[in-house]
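> Generate a structure from the sequence data that follows.
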Amino acid sequence: EVLTLLVLMYPLLRGLALHLHSAVTGSYIPGTHSIAFVNCLNEQIARDIARAIMDKKLAAYVNILPKSSALYFWKGELEESTEILLLVKTRTSKIGELSNYVRSIHPFEIPEIISLPIDQGNPLYLKWIEENVPRD
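Reported below is the predicted structural model:
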């Protein structure tokens, strides 16, 4: 019974240990922050969405990448278009809220909003993200 409890508690205990270690050493916990990718039809929409994200403090930094070609299937047909891509740097804990918000303002029926956790990086930059995106 104690073993079962320990097995069930392991993820929580590991998480607490990592946060304690991070607090003591100042080290980064992999996955604490993420980069979200959001595709946009044109530069004006991209700028409007990026500004809205920043106004809501859902990110510390948004890159607006220039036009790129895209190929994709839509309603069974192969489509080709140009898109603008946003790279959104934020806390991983904000990805759900970010995704919901972007879906509510994005003109696409099914906008691309995907994220990848940040494994490692410049500790000062990662701390800066943390300082500029409020906790939940």
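> quick one, phi psi at the residue nearest the centre of the chain?
Among the residues of the chain, the one closest to the centroid is Ala36, at 3.6 Å (C-alpha atoms, centre = their mean). Phi and psi for Ala36, reported as degrees, to the nearest 10, are phi -100, psi 140.
> Which strand residues bridge it?
Beta-bridge partners recorded for Ala36 (DSSP bridges): Val88, Ser115.
> what residues are up against it?
Contacts for Ala36 were tallied using C-beta atoms under 8 Å, 6 or more residues apart in numbering; they are 59, 86-88, 90, 95, 98-99, 113-115. From N, CA and C alone the C-beta is placed, and that goes for glycine too.
> go on, Leu65?
Counted by C-beta under 8 Å, 6+ apart, Leu65 has contacts 84-87.
> got the CA positions of the one helix or strand it maps to in CSV?
Assigning secondary structure by DSSP states H and E places Leu65 in strand 61-74. What follows is strand 61-74, C-alpha atoms only, in CSV (Å, rounded to 0.1, in the frame of the first residue of the first chain):
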residue,chain,number,x,y,z
TYR,A,61,7.9,38.0,-27.0
VAL,A,62,6.4,37.4,-30.5
ASN,A,63,8.4,37.1,-33.7
ILE,A,64,6.5,37.9,-36.9
LEU,A,65,8.3,35.9,-39.6
PRO,A,66,8.0,37.0,-43.3
LYS,A,67,5.9,35.3,-45.9
SER,A,68,6.4,31.6,-46.5
SER,A,69,4.8,29.2,-48.9
ALA,A,70,2.5,26.6,-47.4
LEU,A,71,1.0,23.4,-48.8
TYR,A,72,-1.8,21.7,-46.9
PHE,A,73,-5.0,19.6,-47.3
TRP,A,74,-8.2,21.5,-46.8
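> List only buried entries from the contacts of Leu65.
Neighbour counting with 16 or more other C-beta atoms under 10 Å marks 84-86 as buried within those.
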